[in-house]
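1. Using only what follows, build the 3D model:
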Amino acid sequence: KYGTGYCDAQCPHDIKYIHGETNSEGWTSGESGGRYGACCVEMDIWEANSFATAYTPHSCDTTKPDTDRYYRCDGEVDCGDGENRYNGVCDKNGCDFQ
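-> The predicted structure follows:
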């Protein structure tokens, strides 16, 4: 099996292997990555500075079929890229507890 298995709620496209398959389709040197993104729930435990702290859960739609602990999104809408930030499979903004 190839890859580290990394994923987060931002659905990063710069993961070279997703579910053991290359993410090389559409990959351009110096760009943001390949066609697919690796999405999964994320919990930011400690976002803080000297004045405040926040705990931020980022949920994802877990009803989508998958073969592992994370979801391989495909395309701008599914991955929530650009103008589609609120239409993607994951909540990229999260829900802050301050």
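2. Just the helices from this protein, written as ranges.
-> With DSSP state H as the criterion, the chain has helices at 76-79.
3. tell me the contacts of the most centrally placed residue in the chain?
-> Centroid-nearest residue in the chain: residue 11, 1.8 Å away (criterion: C-alpha atoms, centre = their mean). With contact taken as C-beta atoms under 8 Å, 6 or more residues apart in numbering, residue 11 is in contact with 37, 38, 39, 73, 79, 80, 81, 88, 89, 90, 92. Using the backbone N, CA and C atoms, a C-beta is placed for each residue, glycine as well.
4. neighbour-wise, which of the residues you listed leads?
-> Comparing the contacts of residue 11 by number of neighbours (other C-beta atoms under 10 Å), residue 37 comes first, having 31 neighbours.
5. any idea how far the nearest residue to the residue nearest to the centre of the chain once chain neighbours are set aside lies from residue 49?
-> The shortest distance from residue 11 to any residue other than its chain neighbours is 3.5 Å, reached at residue 37 (C-beta to C-beta, 6 or more residues apart in numbering). Residue 37 is 29 Å from residue 49, where distance means C-beta to C-beta, to the nearest Å.
6. Phi first, then psi, for the residue nearest to the centre of the chain.
-> Per-residue torsions, residue 11: phi 50, psi 60 (degrees, to the nearest 10).
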